[in-house]
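> all I have is the shape, not the residue letters:
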Ligand SMILES: NC(=O)c1ccc[n+]([C@@H]2O[C@H](COP(=O)([O-])OP(=O)(O)OC[C@H]3O[C@@H](n4cnc5c(N)ncnc54)[C@H](O)[C@@H]3O)[C@@H](O)[C@H]2O)c1
């Protein structure tokens, strides 16, 4: 998609998990298109990334935010109000994906995954809806997973959390339509993000191994953060104003079975 700086001029956005991987690509894409972006993340490099966007002429602010804590989200929303004056777009990208099957999942791990991947999205949506109502509408995009539908044995709690996210998306799409707030979900296929590379390395797999998996896939490569960011950009544009409650897979066709 060609970059048009005017596309989101005057719009403001929060991107959770925006300091790394898919979230960083989304934050960059929104900023490149003229939006003022709050990067809400727990990662230390968030400030550096926001500075990089500002240095290139964009508008971005890093606000350290743990999405599983409502008090921190409240402060982030206050900062956004003060600095940018309102909110049009929320992209819920913060997520963790530790590998564990049912028997390897203790209560603590279950709670941690649910708190970030599902409760975090609920808390963020709840915190921003009043601001979007004030603006006369808004767009929320959740980053889900193809594992949401049928689950995955080795990603037990993770896939259940993404299943919940699917229901949350459809639920809120209907409930918030009356405020002109649209809610959609984008499912990545396989992206060699910082998080994914670290996970694979912990399993003894190299970056080259990941690239080889991409070469064996339908379209011959893994997806990139930019592939995902293009879909998010489309969904938040006014031209997508009648798209609501939908689940899009950006996976090179892997789920088309
Ligand atoms: N990479 C893939 O192949 C893939 C596939 C399917 C779905 N996804 C989903 O995409 C999203 C992004 O994944 P990624 O691969 O870019 O991962 P990543 O690890 O590279 O980035 C995730 C970001 O979320 C942040 N984060 C983690 N916990 C947080 C918290 N409590 N509060 C705020 N921020 C927090 C991290 O600091 C990090 O910056 C996740 O929701 C993930 O489930 C990724």
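Looks like it came in fine. Bear in mind the structure is a predicted one, so any value in this text is a computation, not a measurement. Residues are numbered from 1 along each chain as shown.
> list the contacts for the residue in the stretch 151-257 of the chain positioned nearest to the ligand?
Nearest to the ligand, among the residues of the stretch 151-257 of the chain, is residue 195, at 2.1 Å (CB to the nearest ligand atom). From N, CA and C alone the C-beta is placed, and that goes for glycine too. The contact partners of residue 195, taken as CB atoms under 8 Å, 6 or more residues apart in numbering, are 20-21, 96-97.
> interface residues of the stretch 101-250 of the chain facing the ligand?
Proximity of the stretch 101-250 of the chain to the ligand, by CB under 6 Å from any ligand atom, involves residues 116, 143, 145, 188, 190-191, 193-196.
> in strands, which of those appear?
143, 188 (DSSP state E).
> could you dump the residues of the stretch 101-250 of the chain next to the ligand into a markdown table with pLDDT added?
Below are these laid out as a markdown table (pLDDT from 0 to 100):
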| residue | pLDDT |
| --- | --- |
| 116 | 98 |
| 143 | 98 |
| 145 | 97 |
| 188 | 98 |
| 190 | 97 |
| 191 | 97 |
| 193 | 97 |
| 194 | 95 |
| 195 | 95 |
| 196 | 95 |
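> hmm, which two among the residues of the stretch 101-250 of the chain next to the ligand are most spread apart?
Spatial extent of those (CB to CB) is set by the pair 116 and 190 at 20.3 Å.
> averaged pLDDT, stretch 165-184. What do you get?
Averaged over stretch 165-184, pLDDT sits at 98.
> list the buried residues in it.
Neighbour-count burial for stretch 165-184 flags 165-166, 168-170, 172-173, 176, 179, 181-184 (criterion: 16 or more other CB atoms under 10 Å).
> looking at those residues, which are in strands?
When those are checked against strands (DSSP E), the matches are 181-184.
> which one of those is nearest residue 45?
Distances from residue 45 to these, taken by CB to CB, are shortest for residue 184, at 27.9 Å.
> the closest residue to residue 70 other than its chain neighbours - how many residues pack around it?
Distance criterion CB to CB, 6 or more residues apart in numbering; nearest residue to residue 70, sequence neighbours excluded, is residue 123 at 5.0 Å. Residue 123 sits with 21 neighbouring residues when counted by other CB atoms under 10 Å.
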